[in-house]
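Enquirer: sequence first, predicted coordinates after that:
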Amino acid sequence: MKIKRCVGVARLAIFALITNLAFQPESKSATISGAINNGAGDPVRGVIVTLFVLNPENNIWQWSQNQQSDLVNPGYRFDNLAAGAYTVCCQDYTGKYAFEYFGGQHLQNSATIITLATSGSIVSDAHFQLQEGADISGVVQGKIGSNPPQPLADVIATINEVVGPGGETKYVTGIPTFPDGTFKIGLPPGIYVVHFIESGTDCFWATQTFEKAIGIRKATPIVLGSINDSRPDINAVMIPGFIVSGKVTYPNGIPAAAIGVSFTVYDETQPADSQWVEFFGGFTDSGGNYALSLPPSRYRLEFYGAASFLYEREVWDDSHPPSCTEGRADFIAPTDIVITNASRTNIDAQFDYSPLALWAFNHGINPFANVAGWLEEDADRDGFDNFHEFAFGTDPTNSANGNSITITSAINGDVKLSAVIRSDESSGYWLDYRLKQSTELAIGDWVESTLTATPSTNTFELPTGYVRLDIDVPNSSYPKLFFRASCSINP
């Protein structure tokens, strides 16, 4: 059984835009290199190779640098890299070969990670074997008033693959237009949607989807059924928009770089309970700034991705501080940003520390000293890491306080199992609690428990932000029964 219902926060899966922000530690002497061949093993020359680095503070891929594969000695090589986690992608702007991340994947969140353990690491076998693909291409122009359209350079055609029956999408890549406004890229067969967005913070042209749909899930799908398919008609005529911009900071005032900025747009044609639909977004730059040019409409704005659950997810609200209880937009409705005939600036936000971070501070733990690994640490050596101590309300500095699950028995032999977990209002929404049971401990077949958990009336020594749940186990039904409680992060 799931011990409690967990409410996840929806997240746009389309961002990962190419930005000028690159997270790099100090020492830089490592190398990543490899060959680029086609399916027949022949060298492929002239493709664009892009390096991404994984920011350990928020697990977001950030653009690092790119290069064109050598026309004389095909392949690629990135030098002077710091220790860290990386991945690489290849884009063929002629459209012959399908776009690919290292490891043969075309979705960024499925890319194979290349780990540079030290600043002197050398990885020389990160090879690519590109496959022929379908292609999409088009021309992006800008039009002001009655003037004839003009080609636009450096507009990003952002490509997302449709991966769910409800129109859910995942980010593939973004490709800039050339000076004549054209773009072209090879892709594996699939169903895609395309957004056009002007890069940089000095944006002028309004972001739009292909054929100007409202929201991602209503965007016109581009179906590529086989590697022989070609869509040369993915064109766009962009018009001037109104800029929404602001700055995101941490509680200490430090700019929050590489923070996801997510817009939803109001669509009155949808049912009343689903009129706010995914639109678009991006990331803050190294100074915590963001800007997006939008067509007139009603929007809502959300910020996410800060330091691995150490900060709360935020929604923007100009009537009181820009925060949201536990980052949950269903607790505090964000203020609408209505754009009619003027830009909106100073749409700022400041992240608050999450209950997880405050819990760590209260127990003398500095999670920022080891953002990537502190949850797995076990300072009191009781067998429970920091994550599970937080999840089940125990003290990470006291080995005698390592288990909050208790068992009591009644005179008639019935058993009551009690567990302390985070309340839904205190970060329970991103924690997934599970209870499994088996009639045998050593070789048992562990299955999800079907027993019912109810809130306990016993609040003795219950930590703030937690609830105690009781599970009654009738002795007559189970002569022998074992339980395993676990917790993981809700996707």
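Expert: Done, it's in.
Enquirer: okay, and for the stretch 251-400 of the chain, where does confidence drop off?
Expert: 305-308, 313, 317-334 (pLDDT under 70).
Enquirer: so where do the helices sit in it?
Expert: Counting by DSSP state H, counting those that start in this stretch, the stretch 251-400 of the chain has helices at residues 355-362, 386-391.
Enquirer: name the stretch among those helices that sits most buried.
Expert: Among those, ranked by average contacts under mean count of other Cβ atoms under 10 Å, first place goes to helix 386-391 (a mean of 23). From N, CA and C alone the C-beta is placed, and that goes for glycine too.
Enquirer: need the CA coordinates for that helix. PDB is fine.
Expert: Provided in PDB are the C-alpha atoms of helix 386-391 (Å, rounded to 0.1, in the frame of the first residue of the first chain):
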ATOM      1  CA  ASN A 386      19.700  11.600   6.400                       C
ATOM      2  CA  PHE A 387      16.900  11.200   3.900                       C
ATOM      3  CA  HIS A 388      15.200   8.400   5.800                       C
ATOM      4  CA  GLU A 389      15.800  10.100   9.200                       C
ATOM      5  CA  PHE A 390      14.000  13.200   7.700                       C
ATOM      6  CA  ALA A 391      11.200  11.100   6.100                       C
END
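Enquirer: looking at the helices of the stretch 251-400 of the chain, which is closest to Ala111?
Expert: helix 386-391 (25.3 Å; Cβ to Cβ).
Enquirer: before we move on, back to that, possible to save the helices of the stretch 251-400 of the chain as a markdown table with distance to Asp470?
Expert: Listed next are the helices of the stretch 251-400 of the chain as a markdown table, based on distance: least, Cβ to Cβ, whole Å:
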| stretch | distance to Asp470 |
| --- | --- |
| helix 355-362 | 23 |
| helix 386-391 | 18 |
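Enquirer: would you map the strands across the stretch 201-350 of the chain?
Expert: Secondary structure of the stretch 201-350 of the chain (DSSP state E, counting those that start in this stretch): strands at 208-209, 222-224, 230-231, 236-238, 242-249, 260-266, 276-283, 289-294, 297-304, 314-315, 337-339, 349-350.
Enquirer: ok, the first one: who's next to it in the sheet?
Expert: To tie it back to what came earlier, the one meant is strand 208-209. strand 190-198 (antiparallel) (DSSP bridges).
Enquirer: and the angle for the partner strand with strand 276-283?
Expert: 60 degrees (axes from the mean of the first three to the mean of the last three Cα atoms, to 10 degrees).
Enquirer: show me where the stretch 51-200 of the chain has strands.
Expert: Under DSSP E, counting those that start in this stretch, the stretch 51-200 of the chain gives strands at 60-68, 76-81, 84-91, 100-101, 114-116, 122-123, 128-130, 134-142, 150-151, 155-162, 169-176, 182-187, 190-198.
Enquirer: which of those sits closest to Phe351?
Expert: Closest among the strands of the stretch 51-200 of the chain, once you apply Cβ to Cβ, is strand 60-68, at 14.5 Å.
Enquirer: so what's Val237 up against?
Expert: 141-143, 149 (Cβ atoms under 8 Å, 6 or more residues apart in numbering).
Enquirer: how about TSV for these, with neighbour count, pLDDT and distance to Val163 added?
Expert: Converted to TSV, the contacts of Val237 look like this (neighbours: other Cβ atoms under 10 Å; pLDDT from 0 to 100; distance: Cβ to Cβ, whole Å):
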residue	neighbour count	pLDDT	distance to Val163
Gln141	18	96	30
Gly142	20	94	31
Lys143	15	92	33
Pro149	17	94	33
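Enquirer: between the residues you listed, which is nearest Ile254?
Expert: Distance to Ile254 across the contacts of Val237 (Cβ to Cβ) is lowest for Gly142, with 36.4 Å.
Enquirer: next one: that closest one from Val194, what distance?
Expert: 17 Å (Cβ to Cβ, to the nearest Å).
Enquirer: try Lys170
Expert: From Lys170 to Val194 the distance is 14 Å (Cβ to Cβ).
Enquirer: likewise for Asn475?
Expert: 62 Å.
Enquirer: compare neighbour counts for those two and give me the winner.
Expert: The neighbour comparison of Asn475 against Val194 (other Cβ atoms under 10 Å) goes to Val194, with 25 against 13.
Enquirer: can you pull the pLDDT of the more buried one?
Expert: On pLDDT, Val194 comes in at 93.
Enquirer: right, and it touches Val155 too?
Expert: No. Val194 lies out of contact with Val155 (Cβ atoms under 8 Å); the separation is 11.2 Å.
Enquirer: end to end, how far does stretch 296-315 reach?
Expert: The straight-line separation of the ends of stretch 296-315 (Cα to Cα, to the nearest Å) is 20 Å.
Enquirer: report the distance from it to the chain centre.
Expert: Distance of stretch 296-315 from the chain centroid (Cα atoms, centre = their mean, to the nearest Å) equals 11 Å.
Enquirer: same check, this time on stretch 28-44
Expert: On Cα atoms, centre = their mean, the centre of stretch 28-44 falls 28 Å from the chain's centre.
Enquirer: ok, now stretch 73-93?
Expert: 22 Å.
Enquirer: and it, end to end?
Expert: Termini of stretch 73-93 sit 19 Å apart (Cα to Cα).
Enquirer: list the buried ones in that stretch?
Expert: 74-76, 78, 81-93 (16 or more other Cβ atoms under 10 Å).
Enquirer: and for stretch 39-51?
Expert: 44, 47-51.
Enquirer: next one: stretch 436-445
Expert: Buried residues in stretch 436-445 (16+ other Cβ under 10 Å): 436-438.
Enquirer: ok, now stretch 468-481?
Expert: Residues 468-471, 473, 481 are the ones in stretch 468-481 that count as buried (16+ other Cβ under 10 Å).
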